[in-house]
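1. just a sequence and a predicted model for now, questions to come.
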Amino acid sequence: MQRIPTLTAGQADSATQALLDAVQAKLGLTPNLYRTVGQSPMALAALLGLGETLSKGVLNARVREQIALVVAEQNGCDYCLAAHTAIGGLLKLEVHEMEENREGRSANAKTEAALQFARVLVQKRGTISDADMNQVRAAGHSDAEIGEIVAHVALNTFTNYFNNAVQTDIDFPKVSRNQANV
């Protein structure tokens, strides 16, 4: 059972409602994540602000979703696995590709290096080795890309932890975690 209720119509203050309306306008729906984080207007503003800022970075939307998938798998976030699988589908990522991405794999070597780096960041809680850094650089990632990979891991870790703590009701088609990570 969800531990913090989602905001329903009329419950949000005007500033929070404006943020939720912007989510609705952008996505065509207002996922439970945002309506629940909205119980804290500052947390919602921070989440949306970081996401919007990072969307203007050097990593394209597909890679950002692939990072979200590997981070959600590592953190055991069923809500984010479902949401990012749905979004990945809209971005024309194939189901088998997203399953590979969740394990840090990709047919594209540069993308795989980004996913492996994101996976290691989660596993090592950011305390990576020189070898980990050298591997992502050797695949052709710039310092800007590396910085954004770290930022996307942080953004997705926030949503993973929030959803896991709150037990946010999943409002996307459910996806099962890989058995090796359960």
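-> Looks like it came in fine.
2. next one: stretch 84-91 to chain centre, how far?
-> Distance of stretch 84-91 from the chain centroid (C-alpha atoms, centre = their mean, to the nearest Å) equals 11 Å.
3. hey, which helix is longest across the chain?
-> Assignment by DSSP state H gives helix 143-166 as the longest helix of the chain.
4. output the contacting helices and strands for that helix.
-> helix 32-37, helix 41-54, helix 61-75, helix 78-90, helix 109-123, helix 130-138 (3 or more C-beta pairs under 8 Å, 6 or more residues apart in numbering; DSSP states H and E). From N, CA and C alone the C-beta is placed, and that goes for glycine too.
5. residues in contact with the helix or strand harbouring residue 101?
-> Per DSSP states H and E: residue 101 is located in helix 95-102. Under the contact criterion C-beta atoms under 8 Å, 6 or more residues apart in numbering, helix 95-102 has outside partners 66, 69-70, 72-73, 81, 85, 88-89, 93, 106-107, 115, 178.
6. residue 130: which of those is nearest?
-> When the contacts of helix 95-102 are ranked by distance to residue 130 (C-beta to C-beta), residue 115 comes first, at 19.6 Å.
7. what is the burial count for the closest one?
-> Other residues lying near residue 115 total 26 when counted by other C-beta atoms under 10 Å.
8. tell me the contacts of it?
-> Shown in contact with residue 115 (C-beta under 8 Å, 6+ apart): 66-67, 70, 101, 104-106.
9. now pLDDT too, for those, in CSV please.
-> Output for those, formatted as CSV (pLDDT from 0 to 100):
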residue, pLDDT
66, 98
67, 98
70, 98
101, 98
104, 97
105, 98
106, 98
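10. got a winner among those residues for most neighbours?
-> residue 66 (31 neighbours).
11. just checking, that residue touches residue 93?
-> Yes: assessed by C-beta atoms under 8 Å, residue 66 is found in contact with residue 93 at 7.2 Å.
12. quick one: residue 7 from residue 37, how far?
-> According to C-beta to C-beta, to the nearest Å, residue 7 stands 9 Å off from residue 37.
13. repeat that for residue 163.
-> As judged by C-beta to C-beta, residue 163 and residue 37 stand 9 Å apart.
14. and those two? which has more neighbours close in?
-> residue 37 (29 against 26).
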